[in-house]
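1. here is my input; please provide its structure:
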Amino acid sequence: MKGVGLIFKKEWMEFSKDRRTLLFTFVIPLILFPAIFMMMTKMAQGDSVRRRGQASRIVLNDPGGVMKPFLLEETKLFQLVEAPGGDLKQALRDKKFDLAVDVEEDAPGKLRRQEPFAVKAMVDESESASELALKRLKEAMQKQDQVWVQARLEAIRAPKDLPKPTNLIIEKASDLALEMSKLLGMIVPYILLIGLYTNAMQHGVYMTAGEKERHTLLSLLSTPLPRSHVIWGKLLATFSIGVLGTVMNVVGMGLGFLILGQQAVGSEAATAGAAAAPSLSFASLASPATLGLTLLLLIPLGLFFSSIILVLGTQAKNSREAMTAITPGIFVVVMLGVFSMSPGLEKMAALPYVPVLNVALTIRKLFSHEFVAWQYLLAFVMTSGLAAAMAWVSTSILNRESVIFKQ
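-> Below you'll find the model as predicted:
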(Lines give C-alpha, C1' and ligand atoms only; values in the text may rest on other atoms or scores of the structure.)
Protein backbone atom coordinates (compact mmCIF):
# COMPACT_ATOMS: atom_id res chain seq x y z
CA MET A 1 0.00 0.00 0.00
CA LYS A 2 3.06 2.25 -0.11
CA GLY A 3 2.14 3.26 -3.65
CA VAL A 4 -1.29 4.44 -2.51
CA GLY A 5 0.38 6.72 0.02
CA LEU A 6 2.75 8.12 -2.60
CA ILE A 7 -0.10 8.96 -4.98
CA PHE A 8 -2.12 10.41 -2.11
CA LYS A 9 0.83 12.61 -1.10
CA LYS A 10 1.41 13.67 -4.72
CA GLU A 11 -2.20 14.79 -5.18
CA TRP A 12 -2.22 16.71 -1.91
CA MET A 13 1.04 18.44 -2.79
CA GLU A 14 -0.41 19.56 -6.13
CA PHE A 15 -3.63 20.63 -4.44
CA SER A 16 -1.83 22.62 -1.72
CA LYS A 17 0.29 24.55 -4.23
CA ASP A 18 -2.64 26.83 -4.99
CA ARG A 19 -3.19 28.86 -1.87
CA ARG A 20 -6.38 30.36 -3.23
CA THR A 21 -7.89 26.88 -3.54
CA LEU A 22 -6.92 26.10 0.04
CA LEU A 23 -8.41 29.41 1.16
CA PHE A 24 -11.73 28.94 -0.60
CA THR A 25 -12.02 25.25 0.34
CA PHE A 26 -11.10 25.31 4.03
CA VAL A 27 -10.90 28.86 5.38
CA ILE A 28 -13.61 30.89 3.65
CA PRO A 29 -16.50 28.66 4.90
CA LEU A 30 -15.41 29.28 8.49
CA ILE A 31 -15.52 33.03 7.88
CA LEU A 32 -18.29 33.36 5.29
CA PHE A 33 -21.18 31.61 7.06
CA PRO A 34 -20.75 33.32 10.45
CA ALA A 35 -20.36 36.66 8.64
CA ILE A 36 -23.55 36.07 6.63
CA PHE A 37 -25.54 35.07 9.72
CA MET A 38 -24.18 38.04 11.67
CA MET A 39 -25.17 40.37 8.84
CA MET A 40 -28.64 38.80 8.65
CA THR A 41 -29.02 39.17 12.41
CA LYS A 42 -27.92 42.80 12.41
CA MET A 43 -30.23 43.63 9.50
CA ALA A 44 -33.15 41.86 11.17
CA GLN A 45 -32.45 43.66 14.45
CA GLY A 46 -32.23 47.02 12.72
CA ASP A 47 -35.42 46.45 10.76
CA SER A 48 -37.26 45.22 13.84
CA VAL A 49 -36.14 48.22 15.91
CA ARG A 50 -37.08 50.60 13.12
CA ARG A 51 -40.56 49.11 12.74
CA ARG A 52 -41.19 48.98 16.48
CA GLY A 53 -40.20 52.64 16.77
CA GLN A 54 -42.72 53.78 14.14
CA ALA A 55 -46.46 54.06 14.62
CA SER A 56 -48.61 51.99 12.27
CA ARG A 57 -50.58 54.12 9.80
CA ILE A 58 -54.26 53.21 10.07
CA VAL A 59 -57.10 54.23 7.77
CA LEU A 60 -60.09 54.02 10.12
CA ASN A 61 -63.75 54.02 9.09
CA ASP A 62 -65.59 54.19 12.43
CA PRO A 63 -68.97 55.90 12.01
CA GLY A 64 -69.99 55.32 15.63
CA GLY A 65 -66.64 56.35 17.10
CA VAL A 66 -66.27 53.12 19.06
CA MET A 67 -62.65 52.29 18.31
CA LYS A 68 -61.23 55.73 17.57
CA PRO A 69 -60.79 56.84 21.22
CA PHE A 70 -58.61 53.93 22.39
CA LEU A 71 -56.63 53.92 19.14
CA LEU A 72 -55.86 57.62 19.57
CA GLU A 73 -54.59 56.93 23.10
CA GLU A 74 -51.87 54.63 21.71
CA THR A 75 -49.93 57.36 19.92
CA LYS A 76 -46.73 55.28 19.85
CA LEU A 77 -48.50 52.39 18.14
CA PHE A 78 -51.10 53.98 15.85
CA GLN A 79 -51.33 56.98 13.59
CA LEU A 80 -54.75 57.60 12.07
CA VAL A 81 -54.46 58.86 8.50
CA GLU A 82 -56.96 59.95 5.89
CA ALA A 83 -58.01 57.43 3.28
CA PRO A 84 -56.25 58.12 -0.04
CA GLY A 85 -58.32 58.51 -3.15
CA GLY A 86 -58.81 55.71 -5.63
CA ASP A 87 -58.67 51.98 -5.01
CA LEU A 88 -58.02 51.31 -1.32
CA LYS A 89 -56.38 47.91 -1.95
CA GLN A 90 -53.97 49.39 -4.47
CA ALA A 91 -53.12 52.21 -2.08
CA LEU A 92 -52.33 49.62 0.61
CA ARG A 93 -50.09 47.73 -1.84
CA ASP A 94 -48.41 51.05 -2.68
CA LYS A 95 -47.55 51.45 1.05
CA LYS A 96 -49.53 54.67 1.47
CA PHE A 97 -50.77 53.25 4.76
CA ASP A 98 -50.34 50.00 6.72
CA LEU A 99 -53.84 48.85 7.60
CA ALA A 100 -57.45 49.69 6.73
CA VAL A 101 -60.01 49.17 9.51
CA ASP A 102 -63.76 49.28 8.87
CA VAL A 103 -66.15 49.21 11.86
CA GLU A 104 -69.82 48.45 11.26
CA GLU A 105 -72.20 51.39 11.57
CA ASP A 106 -74.35 49.96 14.40
CA ALA A 107 -71.35 49.22 16.62
CA PRO A 108 -72.41 51.65 19.43
CA GLY A 109 -75.89 50.14 19.60
CA LYS A 110 -74.60 46.57 19.67
CA LEU A 111 -72.11 47.54 22.36
CA ARG A 112 -74.92 48.91 24.51
CA ARG A 113 -76.99 45.76 23.88
CA GLN A 114 -73.95 43.68 24.76
CA GLU A 115 -73.82 42.18 21.29
CA PRO A 116 -70.61 41.60 19.31
CA PHE A 117 -69.94 43.96 16.41
CA ALA A 118 -67.83 43.31 13.32
CA VAL A 119 -64.47 44.92 12.63
CA LYS A 120 -62.98 44.37 9.16
CA ALA A 121 -59.24 44.81 8.66
CA MET A 122 -57.54 44.94 5.26
CA VAL A 123 -53.90 43.82 5.45
CA ASP A 124 -51.09 43.33 2.94
CA GLU A 125 -49.53 40.02 4.05
CA SER A 126 -46.51 40.57 1.81
CA GLU A 127 -45.42 43.59 3.88
CA SER A 128 -44.01 43.23 7.40
CA ALA A 129 -45.22 46.72 8.34
CA SER A 130 -48.80 45.76 7.51
CA GLU A 131 -48.47 42.50 9.44
CA LEU A 132 -47.14 44.45 12.43
CA ALA A 133 -50.08 46.87 12.23
CA LEU A 134 -52.54 43.96 12.28
CA LYS A 135 -50.77 42.42 15.28
CA ARG A 136 -50.92 45.73 17.13
CA LEU A 137 -54.61 46.14 16.29
CA LYS A 138 -55.42 42.66 17.61
CA GLU A 139 -53.57 43.37 20.86
CA ALA A 140 -55.29 46.76 21.27
CA MET A 141 -58.73 45.26 20.59
CA GLN A 142 -58.09 42.41 23.01
CA LYS A 143 -57.09 44.92 25.68
CA GLN A 144 -60.18 47.04 25.03
CA ASP A 145 -62.44 43.96 24.98
CA GLN A 146 -61.23 43.17 28.49
CA VAL A 147 -62.13 46.69 29.58
CA TRP A 148 -65.66 46.35 28.18
CA VAL A 149 -66.09 42.87 29.68
CA GLN A 150 -64.96 44.05 33.10
CA ALA A 151 -67.45 46.96 32.89
CA ARG A 152 -70.25 44.52 32.10
CA LEU A 153 -69.28 42.25 34.99
CA GLU A 154 -69.19 45.19 37.41
CA ALA A 155 -72.63 46.26 36.19
CA ILE A 156 -74.14 42.91 37.19
CA ARG A 157 -71.80 42.53 40.21
CA ALA A 158 -70.29 39.33 38.83
CA PRO A 159 -66.81 37.99 39.67
CA LYS A 160 -64.03 39.35 37.49
CA ASP A 161 -62.90 35.82 36.67
CA LEU A 162 -66.30 34.88 35.27
CA PRO A 163 -65.25 35.02 31.56
CA LYS A 164 -62.16 32.87 32.28
CA PRO A 165 -63.30 29.35 33.20
CA THR A 166 -59.87 27.89 32.42
CA ASN A 167 -56.30 29.01 32.90
CA LEU A 168 -53.95 27.52 30.28
CA ILE A 169 -50.40 26.91 31.53
CA ILE A 170 -47.89 26.13 28.80
CA GLU A 171 -44.85 24.00 29.58
CA LYS A 172 -42.34 23.48 26.77
CA ALA A 173 -41.05 19.94 26.35
CA SER A 174 -38.10 21.17 24.27
CA ASP A 175 -35.62 23.94 24.91
CA LEU A 176 -34.02 26.41 22.55
CA ALA A 177 -30.98 24.17 22.02
CA LEU A 178 -33.16 21.25 20.91
CA GLU A 179 -35.18 23.44 18.57
CA MET A 180 -32.00 24.80 17.00
CA SER A 181 -30.56 21.27 16.77
CA LYS A 182 -33.62 20.03 14.90
CA LEU A 183 -33.41 22.95 12.49
CA LEU A 184 -29.70 22.26 12.02
CA GLY A 185 -30.54 18.58 11.45
CA MET A 186 -32.79 19.52 8.54
CA ILE A 187 -30.13 21.64 6.87
CA VAL A 188 -26.94 19.66 7.57
CA PRO A 189 -27.81 16.64 5.35
CA TYR A 190 -28.53 19.01 2.46
CA ILE A 191 -25.18 20.77 2.92
CA LEU A 192 -23.35 17.45 3.29
CA LEU A 193 -24.77 15.85 0.15
CA ILE A 194 -24.10 18.87 -2.05
CA GLY A 195 -20.75 19.68 -0.43
CA LEU A 196 -19.37 16.16 -0.73
CA TYR A 197 -20.27 15.91 -4.39
CA THR A 198 -19.23 19.38 -5.55
CA ASN A 199 -15.95 19.46 -3.60
CA ALA A 200 -14.97 16.02 -4.90
CA MET A 201 -16.12 16.91 -8.42
CA GLN A 202 -13.78 19.85 -8.91
CA HIS A 203 -10.66 18.08 -7.69
CA GLY A 204 -11.62 14.68 -9.14
CA VAL A 205 -11.74 16.17 -12.63
CA TYR A 206 -8.31 17.76 -12.07
CA MET A 207 -6.84 14.41 -10.98
CA THR A 208 -8.25 12.36 -13.88
CA ALA A 209 -9.16 14.19 -17.09
CA GLY A 210 -6.83 17.01 -16.08
CA GLU A 211 -3.93 14.56 -15.89
CA LYS A 212 -4.72 13.45 -19.45
CA GLU A 213 -4.67 17.04 -20.67
CA ARG A 214 -1.36 17.70 -18.94
CA HIS A 215 0.00 14.40 -20.35
CA THR A 216 1.12 13.32 -16.89
CA LEU A 217 -1.22 10.34 -16.43
CA LEU A 218 0.74 8.18 -18.89
CA SER A 219 4.00 9.04 -17.12
CA LEU A 220 2.44 8.19 -13.78
CA LEU A 221 1.22 4.81 -15.01
CA SER A 222 4.61 3.97 -16.47
CA THR A 223 6.11 3.84 -12.96
CA PRO A 224 6.44 0.49 -11.15
CA LEU A 225 3.38 1.34 -9.04
CA PRO A 226 0.38 -0.95 -9.64
CA ARG A 227 -2.50 0.83 -11.33
CA SER A 228 -4.77 -0.10 -8.46
CA HIS A 229 -2.48 1.91 -6.14
CA VAL A 230 -2.72 4.89 -8.49
CA ILE A 231 -6.51 4.88 -8.55
CA TRP A 232 -6.74 4.26 -4.78
CA GLY A 233 -4.34 7.13 -4.09
CA LYS A 234 -6.38 9.46 -6.27
CA LEU A 235 -9.59 8.19 -4.70
CA LEU A 236 -8.37 8.85 -1.18
CA ALA A 237 -7.08 12.30 -2.16
CA THR A 238 -10.39 13.25 -3.79
CA PHE A 239 -12.31 11.85 -0.84
CA SER A 240 -10.23 13.62 1.83
CA ILE A 241 -10.40 16.99 0.07
CA GLY A 242 -14.16 16.64 -0.41
CA VAL A 243 -14.82 15.59 3.19
CA LEU A 244 -12.57 18.24 4.76
CA GLY A 245 -14.12 20.97 2.62
CA THR A 246 -17.61 19.80 3.56
CA VAL A 247 -16.73 19.62 7.26
CA MET A 248 -15.52 23.22 7.11
CA ASN A 249 -18.84 24.24 5.57
CA VAL A 250 -20.80 22.44 8.28
CA VAL A 251 -18.67 23.97 11.04
CA GLY A 252 -19.20 27.39 9.49
CA MET A 253 -22.96 26.75 9.35
CA GLY A 254 -22.88 25.61 12.97
CA LEU A 255 -21.16 28.81 14.05
CA GLY A 256 -23.72 30.79 12.08
CA PHE A 257 -26.59 28.97 13.80
CA LEU A 258 -24.91 29.62 17.13
CA ILE A 259 -25.00 33.34 16.35
CA LEU A 260 -28.71 33.12 15.55
CA GLY A 261 -29.27 31.10 18.71
CA GLN A 262 -27.50 33.68 20.85
CA GLN A 263 -29.73 36.33 19.28
CA ALA A 264 -32.78 34.26 20.23
CA VAL A 265 -31.39 33.89 23.75
CA GLY A 266 -30.97 37.65 23.94
CA SER A 267 -34.56 38.19 22.83
CA GLU A 268 -35.84 35.70 25.39
CA ALA A 269 -33.71 37.31 28.09
CA ALA A 270 -35.22 40.71 27.29
CA THR A 271 -38.69 39.20 27.71
CA ALA A 272 -38.22 36.85 30.66
CA GLY A 273 -35.29 38.47 32.42
CA ALA A 274 -31.60 37.65 32.29
CA ALA A 275 -31.88 35.05 35.04
CA ALA A 276 -34.47 33.07 33.12
CA ALA A 277 -32.58 33.11 29.83
CA PRO A 278 -31.45 29.69 28.54
CA SER A 279 -27.82 28.91 27.77
CA LEU A 280 -26.66 27.95 24.30
CA SER A 281 -23.31 26.64 23.14
CA PHE A 282 -21.91 24.76 20.16
CA ALA A 283 -21.87 21.55 22.25
CA SER A 284 -25.58 21.96 22.99
CA LEU A 285 -26.33 22.11 19.27
CA ALA A 286 -24.28 19.03 18.41
CA SER A 287 -22.60 16.79 20.96
CA PRO A 288 -19.19 15.19 20.27
CA ALA A 289 -20.96 11.85 19.79
CA THR A 290 -23.26 13.38 17.17
CA LEU A 291 -20.35 14.95 15.31
CA GLY A 292 -18.30 11.76 15.51
CA LEU A 293 -21.07 9.51 14.22
CA THR A 294 -21.84 11.99 11.44
CA LEU A 295 -18.20 12.12 10.39
CA LEU A 296 -18.02 8.31 10.43
CA LEU A 297 -21.02 8.15 8.13
CA LEU A 298 -19.39 10.63 5.76
CA ILE A 299 -16.52 8.21 5.06
CA PRO A 300 -18.45 5.69 2.92
CA LEU A 301 -20.66 8.40 1.42
CA GLY A 302 -17.64 10.47 0.41
CA LEU A 303 -15.93 7.40 -1.05
CA PHE A 304 -19.06 6.57 -3.01
CA PHE A 305 -19.32 10.05 -4.54
CA SER A 306 -15.56 10.20 -5.18
CA SER A 307 -15.62 6.83 -6.95
CA ILE A 308 -18.44 7.93 -9.24
CA ILE A 309 -16.55 11.10 -10.12
CA LEU A 310 -13.31 9.22 -10.79
CA VAL A 311 -15.12 6.70 -13.01
CA LEU A 312 -16.60 9.49 -15.11
CA GLY A 313 -13.36 11.50 -15.06
CA THR A 314 -11.14 8.63 -16.24
CA GLN A 315 -13.43 7.91 -19.19
CA ALA A 316 -13.47 11.53 -20.41
CA LYS A 317 -11.08 12.83 -23.06
CA ASN A 318 -10.56 16.18 -21.36
CA SER A 319 -11.72 18.30 -18.44
CA ARG A 320 -14.59 19.84 -20.39
CA GLU A 321 -16.00 16.44 -21.30
CA ALA A 322 -15.53 15.28 -17.71
CA MET A 323 -17.42 18.28 -16.33
CA THR A 324 -20.20 17.68 -18.86
CA ALA A 325 -20.51 14.08 -17.67
CA ILE A 326 -20.28 14.85 -13.95
CA THR A 327 -22.41 18.03 -13.73
CA PRO A 328 -25.84 16.29 -14.13
CA GLY A 329 -25.06 14.49 -10.89
CA ILE A 330 -25.30 17.83 -9.09
CA PHE A 331 -29.00 18.08 -9.96
CA VAL A 332 -29.61 14.59 -8.63
CA VAL A 333 -27.75 15.37 -5.41
CA VAL A 334 -29.56 18.72 -5.02
CA MET A 335 -32.91 16.97 -5.49
CA LEU A 336 -31.98 14.39 -2.85
CA GLY A 337 -30.78 17.17 -0.55
CA VAL A 338 -34.00 19.17 -0.90
CA PHE A 339 -36.04 16.02 -0.33
CA SER A 340 -34.04 15.31 2.84
CA MET A 341 -35.27 18.66 4.26
CA SER A 342 -38.96 17.74 3.83
CA PRO A 343 -41.06 17.64 7.02
CA GLY A 344 -42.31 14.22 8.08
CA LEU A 345 -39.46 12.46 6.30
CA GLU A 346 -38.66 10.32 9.33
CA LYS A 347 -42.15 8.77 9.20
CA MET A 348 -41.56 7.06 5.85
CA ALA A 349 -41.04 3.40 6.71
CA ALA A 350 -39.17 2.50 3.51
CA LEU A 351 -36.69 5.39 3.62
CA PRO A 352 -34.05 3.62 5.77
CA TYR A 353 -33.60 1.17 2.89
CA VAL A 354 -33.08 3.83 0.18
CA PRO A 355 -29.35 4.46 -0.56
CA VAL A 356 -27.99 7.94 0.13
CA LEU A 357 -31.33 9.16 1.49
CA ASN A 358 -30.96 6.83 4.47
CA VAL A 359 -27.71 8.66 5.27
CA ALA A 360 -29.55 11.99 5.23
CA LEU A 361 -32.31 10.59 7.45
CA THR A 362 -29.79 9.15 9.92
CA ILE A 363 -27.88 12.44 10.21
CA ARG A 364 -31.14 14.31 10.65
CA LYS A 365 -32.13 12.00 13.52
CA LEU A 366 -28.68 12.32 15.08
CA PHE A 367 -29.02 16.09 15.35
CA SER A 368 -32.65 15.81 16.48
CA HIS A 369 -31.67 13.49 19.37
CA GLU A 370 -33.72 10.65 17.85
CA PHE A 371 -30.87 8.24 17.14
CA VAL A 372 -31.90 4.73 16.01
CA ALA A 373 -28.97 2.30 16.10
CA TRP A 374 -30.21 -0.21 13.51
CA GLN A 375 -30.97 2.54 10.99
CA TYR A 376 -27.49 3.97 11.45
CA LEU A 377 -25.86 0.55 10.95
CA LEU A 378 -28.02 -0.14 7.90
CA ALA A 379 -27.10 3.19 6.31
CA PHE A 380 -23.40 2.70 7.08
CA VAL A 381 -23.25 -0.88 5.75
CA MET A 382 -25.30 -0.11 2.63
CA THR A 383 -23.28 2.99 1.76
CA SER A 384 -20.01 1.16 2.45
CA GLY A 385 -21.08 -1.60 0.05
CA LEU A 386 -21.90 0.93 -2.65
CA ALA A 387 -18.57 2.70 -2.10
CA ALA A 388 -16.65 -0.58 -2.33
CA ALA A 389 -18.48 -1.57 -5.53
CA MET A 390 -17.81 1.80 -7.18
CA ALA A 391 -14.15 1.71 -6.10
CA TRP A 392 -13.79 -1.71 -7.73
CA VAL A 393 -15.45 -0.38 -10.90
CA SER A 394 -13.12 2.65 -11.03
CA THR A 395 -10.05 0.41 -10.57
CA SER A 396 -11.24 -1.94 -13.32
CA ILE A 397 -11.82 0.93 -15.73
CA LEU A 398 -8.38 2.45 -15.18
CA ASN A 399 -6.81 -0.93 -15.96
CA ARG A 400 -8.18 -0.69 -19.50
CA GLU A 401 -5.72 0.61 -22.06
CA SER A 402 -8.58 2.08 -24.12
CA VAL A 403 -9.42 4.46 -21.30
CA ILE A 404 -5.84 5.69 -20.90
CA PHE A 405 -5.24 6.30 -24.59
CA LYS A 406 -8.77 7.58 -25.32
CA GLN A 407 -8.54 10.65 -27.57
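
2. what sits against L72?
-> Shown in contact with L72 (CB atoms under 8 Å, 6 or more residues apart in numbering): 78, 80. Where C-beta positions appear, they are placed from N, C-alpha and C, glycine not excepted.

3. over to A387?
-> Contacts of A387 by CB under 8 Å, 6+ apart are 300-301, 303-304, 307.

4. how does the protein divide into domains?
-> 2-34+177-404, 55-155 (automatic domain parsing).

5. after the worst-scoring helix or strand of the chain on mean pLDDT comes which helix or strand?
-> Least confident element among the helices and strands of the chain, by mean pLDDT, DSSP states H and E: helix 282-285 (a mean of 52). Reading on from helix 282-285 to the C-terminus, the next helix or strand found by DSSP states H and E is helix 288-315.

6. and the helix or strand following that next one, what does it pack against?
-> Downstream of helix 288-315, the next assigned helix or strand under DSSP H and E is helix 319-326. Packing partners of helix 319-326 (3 or more CB pairs under 8 Å, 6 or more residues apart in numbering; DSSP states H and E): helix 176-207, helix 209-213, helix 288-315.

7. JSON lines for those helices, including distance to L221 and mean pLDDT?
-> Supplementary listing: these in JSON lines, determined by distance: least, CB to CB, whole Å; pLDDT from 0 to 100:
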{"stretch": "helix 176-207", "distance to L221": "13", "mean pLDDT": "77"}
{"stretch": "helix 209-213", "distance to L221": "10", "mean pLDDT": "78"}
{"stretch": "helix 288-315", "distance to L221": "11", "mean pLDDT": "84"}
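
8. how about those helices, which one is nearest G242?
-> Among those, helix 176-207 comes nearest to G242, with 3.5 Å by CB to CB.

9. just want the angle from that closest one to helix 319-326.
-> Interaxial angle, helix 176-207 versus helix 319-326 (axes from the mean of the first three to the mean of the last three CA atoms, to 10 degrees): 140 degrees.

10. adjust the sequence numbering to begin at 364 for everything that follows.
-> Fine by me, first position is 364 from now on; the one you just mentioned is helix 539-570.

11. next, the angle helix 651-678 makes with helix 539-570.
-> Counting by the same axes, to 10 degrees, helix 539-570 points 20 degrees away from the direction of helix 651-678.

12. helices or strands up against helix 539-570?
-> Packed next to helix 539-570, using 3+ CB pairs under 8 Å, 6+ apart, are helix 365-380, helix 590-635, helix 645-648, helix 651-678, helix 682-689, helix 691-703, helix 720-730.

13. which of these comes out lowest on mean pLDDT?
-> Mean pLDDT values for these show the minimum at helix 645-648, a mean of 52.

14. distance to P522 and mean neighbour count added to the helices and strands packed on helix 682-689, as CSV?
-> As requested, the helices and strands packed on helix 682-689 are arranged in CSV below (distance: least, CB to CB, whole Å; neighbours: other CB atoms under 10 Å):
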stretch, distance to P522, mean neighbour count
helix 539-570, 38, 22
helix 572-576, 83, 21
helix 651-678, 53, 22
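
15. rebuild these as a markdown table, extending it with distance to G748.
-> Below are the helices and strands packed on helix 682-689 laid out as a markdown table (distance: least, CB to CB, whole Å):
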| stretch | distance to G748 |
| --- | --- |
| helix 539-570 | 18 |
| helix 572-576 | 27 |
| helix 651-678 | 8 |
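
16. mean confidence (pLDDT) on stretch 449-460, please.
-> Stretch 449-460 carries an average pLDDT of 88.

17. what about it, start to end distance?
-> Start and end residues of stretch 449-460 are separated by 13 Å (CA to CA, to the nearest Å).

18. which outside residues touch that stretch?
-> With contacts defined as CB under 8 Å, 6+ apart, stretch 449-460 is touched by 420-422, 444, 446-447, 461-463, 485-487, 490, 492-493.

19. need the helices and strands packed on helix 539-570 in TSV with distance to I394, can you?
-> As requested, the helices and strands packed on helix 539-570 are arranged in TSV below (distance: least, CB to CB, whole Å):
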stretch	distance to I394
helix 365-380	19
helix 590-635	7
helix 645-648	16
helix 651-678	20
helix 682-689	28
helix 691-703	23
helix 720-730	23
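
20. nearest to Q509, out of those helices?
-> Smallest distance to Q509 across the helices and strands packed on helix 539-570 (CB to CB): 21.1 Å, for helix 590-635.

21. in a strand, L423, correct?
-> Yes - assigned with DSSP: H, G, I helix; E, B strand; the rest coil, L423 falls within a strand.

22. related to what we said a few turns ago, of the contacts of stretch 449-460, grab the buried ones for ChimeraX.
-> If you want just the buried ones from the contacts of stretch 449-460 in ChimeraX, going by 16 or more other CB atoms under 10 Å, the selection is:
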select :420,421,422,461,462,463,486,487,492,493
